[in-house]
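Enquirer: sequence unknown, structure follows:
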């Protein structure tokens, strides 16, 4: 009897009804475009207004005689070429800020990429054991507060060469939040998933890729987000010793030749790039973890 | 030969200086193809017993033998349907079953055979229509169906069900009980199901194992259920054998082994 009951149509009935649901929901296109425009306005206008007000306040505040800092008008007057054309090339050392940012990004890519790989692996190992977690966590918590500049002399002494030292400074600044967050994410893997892995006899490598990484992805990516922010923060410190054409060295160089307005422009470039990096990692996190990461 | 043999098994948990004996002197043999329900009040250690059979927890003393070989680690020959489905939320229904099938049959079945086998098992629980959905997009009852399909797809010697329908509403639960009976009739699997639902235990089982209250819980009584299959829940309601079995379980649980909340 029970078998017959199972085969009866009511069991299969939801199939057609489920298809019907997807049919409506085609919004009026005209309304849609207007909606998007107004949404965009609501998002872009407030920060634009605040920016204008801040620039005006800055202009007024530093307009007086003997003011130490340039006004926005002065920045425009002296450094407009840097703002208007980010990708000019006048010589090997005289290039647009866009090129400089790209050079620095390459350096950050090495340092941060290394920190991401090592950080996730170390975090995964440490997160697996409560004892290791207890032993390592306080040390990491202390190390993560060391500022990038403080690593610089140690790094130079260890590598005796500026290029690897710069990458090491970025690496060592970015790695701590990645390790700490990955370990926390691994500790937070539900026992249910571990049981599934145990019944299936997944080996270490399979467990890492099939259970640990997807399960801990939200944690890992919040660590990577903090890490990428920190590694970009470390770029000025790192490039103070490498020299060359990076944006960090540009600031150091501009300071040494008293081009304050150039520094102002470079700061905006650094800020915007950092913002884009942060959003990029957040976006990748959302894609990889299918919406569960922030 | 005895199929599954639980031989004088004790289980204690040690935390610091305190030793808590959860299970004491469990003896039970289960024949191939048998459906056994284990019932008891909450906290009596019935889930611990299932974990011991699954190999997720190690026995303290005694032994569990499957076809004469001792069980001391988890494996796909003793697939578990977990209480809260335990599907991986980042994988689709199909991929959840595929994870198990690839692991168990990766070297013995071809890619096309594995695909057929996955769909065949999803069909068994009537979930082929949701193969591309994620667990978050389907109902609790459907998730549990997929959990059953994943366990069945491992072609286990024993299927262990840990209160699989405890979190479901009564109607969904009835549907799934029918589905489990149907699968048991078709495939003849050996199944052990933990439950706290007297009707469920009587409806599904060939034998009902009743556990005493913990600590140091043990098997209080084993009740055979001599009702022929296939069983129909409506016809059973007034059948004397069913009523008698139900009464026996109720008497055991509420007269002789009342659950004492204050029990330390």
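Expert: Cool, got the structure. In this text, all values refer to a predicted model and were calculated from it rather than measured experimentally.

Enquirer: Quick check, the residue in the stretch 151-264 of chain B closest to chain A?
Expert: residue B:232 (3.6 Å; CB to the nearest CB). Every residue, glycine included, has its C-beta placed from N, CA and C.

Enquirer: burial measure for that residue, as a count.
Expert: 17 (other CB atoms under 10 Å in any protein chain shown).

Enquirer: just residue A:168 next, same as before
Expert: Neighbour number of residue A:168 under other CB under 10 Å is 21.

Enquirer: Helix or strand next in line after the helix or strand hosting it, which one?
Expert: Assessed by DSSP states H and E, residue A:168 sits inside helix A:162-187. Later in the chain than helix A:162-187, the nearest helix or strand by DSSP H and E is helix A:191-199.

Enquirer: That next one: what's the following helix or strand?
Expert: Counting by DSSP H and E, what follows helix A:191-199 is helix A:204-207.

Enquirer: So which elements touch that following helix?
Expert: Judged by 3 or more CB pairs under 8 Å, 6 or more residues apart in numbering or on different chains; DSSP states H and E, helix A:204-207 is in contact with no other helix or strand.

Enquirer: And the helix or strand following it, how far out from the chain middle?
Expert: Using DSSP H and E, the helix or strand that follows helix A:204-207 in sequence is helix A:213-233. Its chain's C-alpha centre and that of helix A:213-233 lie 7 Å apart, by CA atoms, centre = their mean, to the nearest Å.

Enquirer: Residues touching the very next helix or strand once past helix A:213-233, excluding its own?
Expert: Going down the chain from helix A:213-233, the next helix or strand is helix A:235-242, by DSSP H and E. With CB atoms under 8 Å, 6 or more residues apart in numbering or on different chains as the test, helix A:235-242 has contacts from A:104, A:107-108, A:111, A:147-149, A:151-152, A:156, A:162-163, A:165-167, A:169-170, A:246-249, A:251-252, A:270.

Enquirer: Now do helix A:235-242 against helix A:213-233, angle only.
Expert: Put simply, helix A:235-242 runs at 60 degrees to helix A:213-233, going by axes from the mean of the first three to the mean of the last three CA atoms, to 10 degrees.

Enquirer: What mean pLDDT does helix A:235-242 get?
Expert: Averaged across helix A:235-242, pLDDT comes to 77.

Enquirer: quick check: angle from it to helix A:162-187?
Expert: 150 degrees.

Enquirer: from the chain's centre, how far out does helix A:235-242 sit?
Expert: Worked out by CA atoms, centre = their mean, helix A:235-242 lies 19 Å from the chain centre.

Enquirer: One more: stretch A:124-132?
Expert: Using CA atoms, centre = their mean, the offset of stretch A:124-132 from its chain centre is 25 Å.

Enquirer: now for that stretch, what's the gap between its first and last residues?
Expert: Stretch A:124-132 has an end-to-end distance of 11 Å (CA to CA, to the nearest Å).

Enquirer: Which parts of whichever strand or helix holds residue A:261 count as buried, going by neighbours?
Expert: In this structure, residue A:261 is located in helix A:260-288 according to DSSP H and E. Using 16 or more other CB atoms under 10 Å in any protein chain shown as the test for burial, helix A:260-288 gives A:261-266, A:269-270, A:273-274, A:277, A:281-282, A:285-286, A:288.

Enquirer: pLDDT averaged over it - what is it?
Expert: pLDDT averaged over helix A:260-288 gives 90.

Enquirer: still on that earlier bit, filter the contacts of helix A:235-242 down to just the buried residues.
Expert: A:104, A:107-108, A:111, A:148, A:151-152, A:156, A:162, A:165-167, A:169-170, A:246-249, A:251-252, A:270.

Enquirer: re the thing from before, the helix holding residue A:168 near chain B anywhere?
Expert: No - Helix A:162-187 lies apart from chain B when judged by CB under 8 Å from any CB of the partner chain; the minimum separation is 13.5 Å.

Enquirer: Now do that helix: distance to the chain's middle.
Expert: Centre-to-centre, helix A:162-187 and its host chain are 13 Å apart (CA atoms, centre = their mean).

Enquirer: One more: stretch A:261-280?
Expert: 13 Å.

Enquirer: now what about it, what contacts it?
Expert: A:70, A:74-75, A:77-79, A:82-83, A:86, A:97-98, A:100-101, A:105, A:108, A:225, A:228-229, A:232-233, A:235-236, A:247, A:250-251, A:254-255.

Enquirer: Type out the PyMOL command that picks the buried ones from the residues you listed.
Expert: Command for PyMOL, covering only those of the contacts of stretch A:261-280 found buried under the criterion 16+ other CB under 10 Å:
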select buried, chain A and resi 70+74+75+78+79+82+86+97+98+100+101+105+108+225+228+229+232+233+235+236+247+250+251+254
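
Enquirer: need the strands for chain B, in chain order.
Expert: Along chain B, counting by DSSP state E, strands occupy B:4-15, B:18-30, B:35-39, B:61-66, B:69-70, B:78-81, B:158-162, B:190-195, B:207-211, B:219-224.

Enquirer: so can I have TSV of these showing distance to residue B:147 and mean neighbour count?
Expert: Output for the strands of chain B, formatted as TSV (distance: least, CB to CB, whole Å; neighbours: other CB atoms under 10 Å in any protein chain shown):
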stretch	distance to residue B:147	mean neighbour count
strand B:4-15	21	16
strand B:18-30	22	17
strand B:35-39	18	25
strand B:61-66	22	16
strand B:69-70	26	10
strand B:78-81	5	27
strand B:158-162	9	23
strand B:190-195	13	24
strand B:207-211	23	22
strand B:219-224	27	16
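
Enquirer: could those go into JSON lines alongside mean pLDDT and distance to chain A?
Expert: Output for those, formatted as JSON lines (pLDDT from 0 to 100; distance: least, CB to the nearest CB, whole Å):
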{"stretch": "strand B:4-15", "mean pLDDT": "91", "distance to chain A": "14"}
{"stretch": "strand B:18-30", "mean pLDDT": "91", "distance to chain A": "17"}
{"stretch": "strand B:35-39", "mean pLDDT": "95", "distance to chain A": "13"}
{"stretch": "strand B:61-66", "mean pLDDT": "92", "distance to chain A": "14"}
{"stretch": "strand B:69-70", "mean pLDDT": "90", "distance to chain A": "16"}
{"stretch": "strand B:78-81", "mean pLDDT": "93", "distance to chain A": "6"}
{"stretch": "strand B:158-162", "mean pLDDT": "94", "distance to chain A": "9"}
{"stretch": "strand B:190-195", "mean pLDDT": "94", "distance to chain A": "14"}
{"stretch": "strand B:207-211", "mean pLDDT": "94", "distance to chain A": "19"}
{"stretch": "strand B:219-224", "mean pLDDT": "92", "distance to chain A": "20"}
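
Enquirer: Among those, which comes closest to residue B:128?
Expert: Of all the strands of chain B, it is strand B:78-81 that lies closest to residue B:128, at 18.8 Å by CB to CB.

Enquirer: Contacts made by that closest one with the rest, please.
Expert: By CB under 8 Å, 6+ apart, strand B:78-81 touches A:195, A:199, B:50, B:53-56, B:66, B:71, B:100, B:144, B:147-148, B:150-152, B:154, B:156-162, B:164.

Enquirer: So what are the sheet partners of it and their directions?
Expert: Strand B:78-81 has its sheet partners listed here by DSSP bridges as strand B:158-162 (parallel).

Enquirer: Chain B contacts on the stretch 101-250 of chain A?
Expert: A:192-193, A:195-196, A:198-202, A:206, A:210-211, A:214-215, A:217.
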